[in-house]
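Participant: The sequence and its predicted three-dimensional model are supplied below.
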Amino acid sequence: MNCCGYKHPYKRGMENHGAMYNSKVMIALLMTASLALSPIVVADDTQDIPTNAVNTGNHDSLVAALSHAGLVDTLSGEGPFTVFAPTDEAFAAAGIDLSTFDTDAENATLTDILLYHVYSGAVNAADVTDGLTVQMVNGDDATFSVTNGTVMVGGATVTTADVMASNGVIHVIDTVLMPPVPYTGVGICYNSVTHMIAAGSTMEECNSYMYVENYSMGGQSITGCYNTASHALTEVSQTICESYTWTAPVDIPTSAMATGIHTSLVAALSAANLVSALQADGPFTVFAPTDAAFAAAGIDLSAFVTDEEIATLADILTYHVVSGQVMSTDLSDGMTATALNGDDLTFTISDGTVMVDGAMVTLADVPSSNGVIHVVDAVLMPPADLVDIPSTAISTGIHTSLVAALTAANLVSALQADGPFTVFAPTDAAFTAAGIDLDSFVTDEEIATLADILTYHVVAGQVLSTDLTDGMTATALNGDTLDFTVSTDAVTVSGATVTLADVLTTNGVIHVIDTVLMPPADVVALPDGCDYLVSVDDTGYAFDHTVLNVAVGETVCWVWTDSAMAHNVAEIAEEGDTMRMIGGLYSGAAATTVDYRLTFDEDQTFNYVCEPHASMDMAGKVIVGSGVEAVPEPVPVEDSDATPGFASSLAIVSILGAVLIAQRRNNERSD
């Protein structure tokens, strides 16, 4: 076949033997020992190779096989050829029965066997080179070995060398050479000229390279290396194009070196003394960054000199390696795997794209003899080693105020303990917005207040964002309750928004929030007999409850003890007054300790002030029931010719009666 410029290796060898002879590799055979042990072979250098084979008397089977395969005329041609000629005994030992080669396929097999014994070009014994490999006419390689004076080709021993013929030379061997069986298992596409692999090629693609010259395709003429399976065309020489072989995989470093895009990775492995480790049995899974990925990462191998620096490089590289063979089909979205450096790798799969910690897998499942390689487009950087909560907060750069507050409240060592703890960490901006001045926390009581605020941000145990649910509550270390809301837009904790979740530490987790959480005011226990309690607030110039709504029959108590200033409760006629109402309810003169109680038995609004501080609006009111006092219906008075002045006298009596009733009500409330 000679279509499109393509030539079968056998025909190319036969037709271009002159060119191959000029570039042949001289086969080294050690003659002295071989000739000493060999039988005498009668040769006539004026006769061709088949004729000489007949005349030896020990190659009848070889000649018969050449005749059966139609190769006598070929090997009688001009040549020159070098033939490694198995003896009749060798054919008998191989069990070759020519009667079984009948079909075209069977005869093609016989031809392949016989041409595996022929090299194009005349090669005499001269220099010995152990390990020499040459390509035989059938296209397969044969390798020579020299051990203690014994020369072997493949598994056959050369028993007689340099039997000269008119068109070449014969070397007698004691075994029939069998062509290597093409490898069909999991493998790589290796180029024996460039010593590179075509990463990602299938076996079909590897066996489908052909060199074409002026080949017409799609209306244009092409010349180059064409792959009939992938239909890819590359501009390489014919020699390179025809040198691809599907072969068994090699170890991971060797495979990486042969891809042509992992020079930096191999150099890094060498610098970190990891090559031999990745040549071990394994298996390993390596996520291999390309040279472009190393360049983008700005990794300069010359900067890794000291033991510590080399250890850092090794940590980066082993973050790309997982113990065991993980194929792309084994991956799932959200899956994690522990790398050799101890850190976890996380995988995401979306629309057919596989990512590993932010790097995209661009070529998957490149086999090796001790694992598998997945090519990635970025260098993976191991996460920073975890430290405790205070140390992590310091390193964020946005929690200086929080750390200072923890120090002022003597809580740093507590949050460096084993825990685990969950900390909702306000930013520096949040502390500024809250107006918290750490200089104002000086006394033991003030520091206790600061500690109460800070421990309101801490929950015992590790609570990740995935553990939170809408409406969930948790008890903070200060004993108060935190309330959580979870929506599609945000997560809030007691009104503060979580801006960054799940910052892991060695002893828990940090969630960054945008507001300082203030603990709810402590609930004061009500004295016996009191339904409501009113006291003086921290300023000393206001009541802590200025408006109360109570039911008829409930009791309000005004209670304070040893306040800094004296206060009292004085009824006023209406809201806004600053003077006590004559005859109104009254706790007495202002005092630093007061316990004044009123039980309200009807709807009304009770307005009151603290007399010493009335001008400063220290006032309050109690709304009882509806807040409106019932007014009795007036009694109509009949107009008569009564004694003049009787109506006026009656009005005076009514006023006196009202005063007496008010005094009695006041006495009843006081009781």
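Facilitator: Arrived safely. Residues are numbered from 1 along each chain as shown.

Participant: What residues of stretch 309-323 count as buried?
Facilitator: Across stretch 309-323, burial judged by 16 or more other CB atoms under 10 Å covers 313, 314, 315, 316, 317, 318, 319, 320, 321, 322. The C-beta positions use only the backbone N, C-alpha and C, and glycine is treated the same way.

Participant: Next, count neighbours for the residue nearest to residue 476 when sequence neighbours are not counted.
Facilitator: Among residues not flanking residue 476 along the chain, residue 456 sits closest, at 4.8 Å (CB to CB, 6 or more residues apart in numbering). Residue 456 has 22 neighbours, counted by other CB atoms under 10 Å.

Participant: list the contacts for residue 456?
Facilitator: By CB atoms under 8 Å, 6 or more residues apart in numbering, the residues touching residue 456 are 476, 477, 478, 480, 482, 517, 518, 519.

Participant: Among the residues you listed, name the ones in strands.
Facilitator: Counting by DSSP state E, the contacts of residue 456 place residue 482 in strands.

Participant: And the furthest pair within the contacts of residue 456?
Facilitator: The most widely separated members of the contacts of residue 456 are 477 and 518, with 15.2 Å between them, by CB to CB.

Participant: Comparing those two, which shows the higher neighbour count?
Facilitator: residue 477 (19 against 14).

Participant: what residues are up against that one?
Facilitator: Residue 477 touches 455, 456, 458, 459, 460, counting by CB under 8 Å, 6+ apart.

Participant: so how far is residue 491 from it?
Facilitator: Applying CB to CB, to the nearest Å, the value for residue 477 to residue 491 is 20 Å.

Participant: before we move on, what about residue 466?
Facilitator: Distance from residue 466 to residue 491, by CB to CB: 11 Å.

Participant: Looking at these two, which one has more neighbours?
Facilitator: residue 491 (18 against 8).

Participant: I'd say the more buried one and residue 502 touch.
Facilitator: No: applying CB atoms under 8 Å, one finds residue 491 not in contact with residue 502, separated by 11.0 Å.

Participant: got any residues that touch both of those two?
Facilitator: What both residue 491 and residue 502 touch, as defined by CB under 8 Å, 6+ apart, is the set residue 465.

Participant: Now do the helices in the stretch 301-450 of the chain.
Facilitator: 307-318, 389-396, 400-408, 428-434, 444-455 (DSSP state H, counting those that start in this stretch).

Participant: Pull up the pairing partners for whichever strand or helix holds residue 502, direction included.
Facilitator: Taking DSSP states H and E as the criterion, residue 502 maps to strand 496-505. Strand 496-505 sits in its sheet next to strand 491-493 (antiparallel), strand 508-513 (antiparallel), going by DSSP bridges.

Participant: For the longest one, list the C-alpha coordinates in PDB.
Facilitator: As requested, the backbone C-alpha atoms of strand 508-513 are provided in PDB (Å, rounded to 0.1, in the frame of the first residue of the first chain):
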ATOM      1  CA  GLY A 508     -13.200  26.000  67.400                       C
ATOM      2  CA  VAL A 509     -14.600  28.300  64.700                       C
ATOM      3  CA  ILE A 510     -15.000  32.000  64.200                       C
ATOM      4  CA  HIS A 511     -17.900  33.800  62.400                       C
ATOM      5  CA  VAL A 512     -17.300  37.400  61.600                       C
ATOM      6  CA  ILE A 513     -20.200  39.800  62.400                       C
END
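
Participant: buried sites along that strand?
Facilitator: For strand 508-513, by 16+ other CB under 10 Å, it's 508, 509, 510, 511, 512, 513.
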